[in-house]
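*Asks:* Generate a structure from the sequence data that follows.
(one chain, ligands or ions: 3)
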Amino acid sequence: MKREQLPIPVTLPNVNAHAKRRARLAKSLGEGLMLLPTSPERTRNADSHYDYRWDSYFYYLTGFREPEAVIAITLGKKPRHILFCRDKDMEREIWDGFRFGPAMAKEIFSFDEAYSITELERLIPSLMANCDVVHTPLGADAEWDQTISRWINSVRAKVRTGITAPVELRDVRHAVNAMRLIKDDVEIDIMARAGKISSDAHIRAMKTAKPGMFEYQIEGEILHEFMRKGARQAAYGSIVAAGSNACVLHYRENSAPLKKGDLMLIDAGCELESYAADITRTFPIAAKFSGPQRDIYELVLESQLACINALKPGVPFHKYHEVAVQVLAQGLIDLKLCKGSLDKVIATESYRQFYMHRAGHWLGLDVHDAGDYMQQGKSVKLEARMVLTVEPGLYIRPADNVPKHFWDIGIRIEDDVLITQTGNTVLTTSCPKSVNDIEALTAG
Ligand code: GLY
Ligand code: MN
Ligand code: MN
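*Replies:* Ligands and ions are numbered 1, 2, ... in the order given. Next up, the predicted model:
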């Protein structure tokens with residue numbers, strides 16, 4: 001049966017792109033056996049499960065979203081790509097929905113072979129025989145580590161029959177991380193769309209937030225916009241923080257009432273087709289910025305723009321964190337929130353009273369995406385097709401050394417940036433961040 005004729009009631013990713021990545025990985029690993037499981041389903045309470053989310057490494061290499069699946073690739077001159085997945089089961093499909101089953105999954109996802117997941121125990125030890133190296137995630141899941149050991153031991157138990165057992169385990173994630181760091185066209189297209197949907201959600205929040213509402217209602221508006229545009233979930237728990245809550249970096253309570261003129265910090269991004277967006281905006285609730293709010297906001301924005309300006313191929317990853325620190329520290333001195341020369345404020349890290357996190361991270365299938373930051377003791381250099389966030393902020397808690405008018409101001413501005421051949425493109429550029437553009441929405 002032709003692929004187009006198969007009756008599939010689920011949306012498919014660009015399966016060719018996933019298969020190509022798998023082939024590239026097989027080539028780069030050389031010899032041995034590659035084994036990669038997807039994530040297990042997890043119980044939330046009683047017999048309810050958390051919404052299922054497949055493992056990002058597994059998805060990157062397959063596009064396959066069902067639980068209880070493992071890929072095996074026999075490496076070498078002519079690699080065999082093998083999928084183990086759930087059987088078709090009409091009874092379960094009546095209750096829970098469609099399953100591909102091995103035969104259809106093999107066709108659709110371009111595997112050489114596919115078997116029932118119930119065959120895993122029987123077939124993996126035979127695939128491991130005579131392989132020196134097993135490439136698999138190490139230390140990611142205790143149960144998987146034990147399973148790998150058990151399989152290796154079962155091969156060892158038969159060495160007198162003339163086979164050899166693996167002598168080396170290598171963490172396959174290291175090789176996949178390097179690939180995931182450089183996004184292909186399919187990924188960039190999805191991430192640009194995820195950025196646009198997330199921008200729309202922030203705009204909706206800016207327009208909707210009014211005194212008397214609660215933070216969770218704004219969270220609801222954001223999720224509504226995500227879903228309305230086809231992104232069924234947030235990529236991470238949305239931070240919707242009004243007033244002093246904005247100074248709690250990972251605030252998740254999202255239950256406080258909104259007061260006119262207070263700032264609201266929202267860190268929220270959708271997950272679209274398994275890819276994360278990650279945007280933070282801070283705006284005054286149904287008002288214009290007050291003087292002190294505006295002073296801090298303009299400073300954070302200046303630092304964020306300086307960071308983005310510094311992003312281009314060849315620049316070490318950590319450079320933009322230094323740029324953020326430079327601009328913020330100078331601004332804090334100018335606002336009399338830090339004392340001493342710029343060099344002293346940076347050397348003593350006194351700015352950390354107000355800026356205590358890093359300027360950003362890789363972004364992709366995971367919000368804090370896979371990929372090294374350091375290699376051989378040096379900061380990784382930026383390359384075209386990397387995607388990262390730029391998210392400086394200032395968080396001013398009440399303290400004796402802080403004038404009262406700055407108390408409880410928490411501001412972060414975060415965008416998603418694609419490195420290009422010549423510089424960069426901001427994927428979340430449609431989300432307003434100038435004072436004027438924000439006030440047009442909040443005080444309009
Ligand atoms: N929302 C997670 C982060 O900004 O890193
Ligand atoms: Mn964020
Ligand atoms: Mn982030």
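*Asks:* from here on, contacts and neighbour counts on C-alpha atoms
*Replies:* Noted.
*Asks:* The most centrally placed residue in the chain and ligand 2: what is the separation?
*Replies:* Centroid-nearest residue in the chain: residue 367, 1.7 Å away (criterion: C-alpha atoms, centre = their mean). Spatial separation of residue 367 from ligand 2 under the definition C-alpha to the ion, to the nearest Å is 8 Å.
*Asks:* you'd agree that residue is in a helix?
*Replies:* No: assigned with DSSP: H, G, I helix; E, B strand; the rest coil, residue 367 falls outside any helix and is coil.
*Asks:* ok now do it, which residues does it touch?
*Replies:* Shown in contact with residue 367 (C-alpha atoms under 8 Å, 6 or more residues apart in numbering): 235, 236, 276, 277, 278.
*Asks:* Out of those, which is nearest to residue 167?
*Replies:* residue 276 (37.6 Å; C-alpha to C-alpha).
*Asks:* How many neighbouring residues does that closest one have?
*Replies:* Here the number of neighbours of residue 276 (other C-alpha atoms under 10 Å) works out to 28.
*Asks:* got a pLDDT number for it?
*Replies:* Per-residue confidence (pLDDT) for residue 276: 99.
*Asks:* quick one, phi psi at it?
*Replies:* phi -90, psi 140 (degrees, to the nearest 10).
*Asks:* how close does it sit to residue 270?
*Replies:* Using C-alpha to C-alpha, to the nearest Å, one gets 6 Å for the distance from residue 276 to residue 270.
*Asks:* what is in contact with the two at once?
*Replies:* Common neighbours of residue 276 and residue 270, using C-alpha under 8 Å, 6+ apart, are 194, 235.
*Asks:* so where do the helices sit in the protein?
*Replies:* Assigned by DSSP state H, the helices in the chain fall at 15-29, 56-62, 90-96, 101-108, 120-128, 142-156, 172-181, 185-208, 215-228, 291-309, 319-334, 342-348, 435-442.
*Asks:* Need those in JSON lines (columns: distance to ligand 2, mean pLDDT and mean neighbour count).
*Replies:* Listed next are the helices of the chain as JSON lines, based on distance: least, C-alpha to the ion, whole Å; pLDDT from 0 to 100; neighbours: other C-alpha atoms under 10 Å:
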{"stretch": "helix 15-29", "distance to ligand 2": "27", "mean pLDDT": "98", "mean neighbour count": "17"}
{"stretch": "helix 56-62", "distance to ligand 2": "19", "mean pLDDT": "98", "mean neighbour count": "21"}
{"stretch": "helix 90-96", "distance to ligand 2": "33", "mean pLDDT": "95", "mean neighbour count": "10"}
{"stretch": "helix 101-108", "distance to ligand 2": "35", "mean pLDDT": "97", "mean neighbour count": "19"}
{"stretch": "helix 120-128", "distance to ligand 2": "39", "mean pLDDT": "97", "mean neighbour count": "16"}
{"stretch": "helix 142-156", "distance to ligand 2": "29", "mean pLDDT": "97", "mean neighbour count": "15"}
{"stretch": "helix 172-181", "distance to ligand 2": "18", "mean pLDDT": "98", "mean neighbour count": "18"}
{"stretch": "helix 185-208", "distance to ligand 2": "11", "mean pLDDT": "98", "mean neighbour count": "22"}
{"stretch": "helix 215-228", "distance to ligand 2": "14", "mean pLDDT": "98", "mean neighbour count": "20"}
{"stretch": "helix 291-309", "distance to ligand 2": "14", "mean pLDDT": "98", "mean neighbour count": "19"}
{"stretch": "helix 319-334", "distance to ligand 2": "16", "mean pLDDT": "98", "mean neighbour count": "20"}
{"stretch": "helix 342-348", "distance to ligand 2": "25", "mean pLDDT": "98", "mean neighbour count": "14"}
{"stretch": "helix 435-442", "distance to ligand 2": "19", "mean pLDDT": "98", "mean neighbour count": "18"}
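*Asks:* want to throw those helices into a markdown table with distance to residue 248?
*Replies:* As requested, the helices of the chain are exported to a markdown table (distance: least, C-alpha to C-alpha, whole Å):
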| stretch | distance to residue 248 |
| --- | --- |
| helix 15-29 | 39 |
| helix 56-62 | 29 |
| helix 90-96 | 39 |
| helix 101-108 | 45 |
| helix 120-128 | 46 |
| helix 142-156 | 33 |
| helix 172-181 | 30 |
| helix 185-208 | 19 |
| helix 215-228 | 14 |
| helix 291-309 | 17 |
| helix 319-334 | 19 |
| helix 342-348 | 23 |
| helix 435-442 | 23 |
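*Asks:* wait, doesn't residue 243 sit right on residue 263?
*Replies:* Yes: with contacts counted by C-alpha atoms under 8 Å, residue 243 reaches residue 263, the gap being 5.4 Å.
*Asks:* Looking at the two, which is more packed in?
*Replies:* More crowded of residue 243 and residue 263, by other C-alpha under 10 Å: residue 263, with 28 against 22.
*Asks:* Who is that one paired with across the strands?
*Replies:* For residue 263, the beta-bridge partners are residue 284 (DSSP bridges).
*Asks:* Look up how far ligand 2 lies from it.
*Replies:* 17 Å.
*Asks:* contacting residues around that residue?
*Replies:* By C-alpha under 8 Å, 6+ apart, the neighbours of residue 263 are 242, 243, 246, 282, 283, 284, 285, 293, 409, 410.
*Asks:* Need the per-residue pLDDT for the fifth one.
*Replies:* pLDDT, the model's per-residue confidence, is 98 for residue 283.
*Asks:* cool, and the third one?
*Replies:* At residue 246, the model reports a pLDDT of 98.
*Asks:* Count the neighbours of it for me.
*Replies:* The burial count for residue 246: 27, using other C-alpha under 10 Å.
*Asks:* Now it. Nearest residue, chain neighbours left out?
*Replies:* Closest residue to residue 246 apart from its sequence neighbours, by C-alpha to C-alpha, 6 or more residues apart in numbering: residue 410 at 4.7 Å.
*Asks:* The one you found against residue 244, yeah?
*Replies:* Yes: counting by C-alpha under 8 Å, residue 410 does reach residue 244; the two are 7.0 Å apart.
*Asks:* Those two: who's more crowded?
*Replies:* Taking neighbours as other C-alpha under 10 Å, residue 410 and residue 244 compare with residue 410 leading, 28 against 19.
*Asks:* how far away is the more buried one from residue 140?
*Replies:* Relative to residue 140, and taking C-alpha to C-alpha, residue 410 is found at 35 Å.
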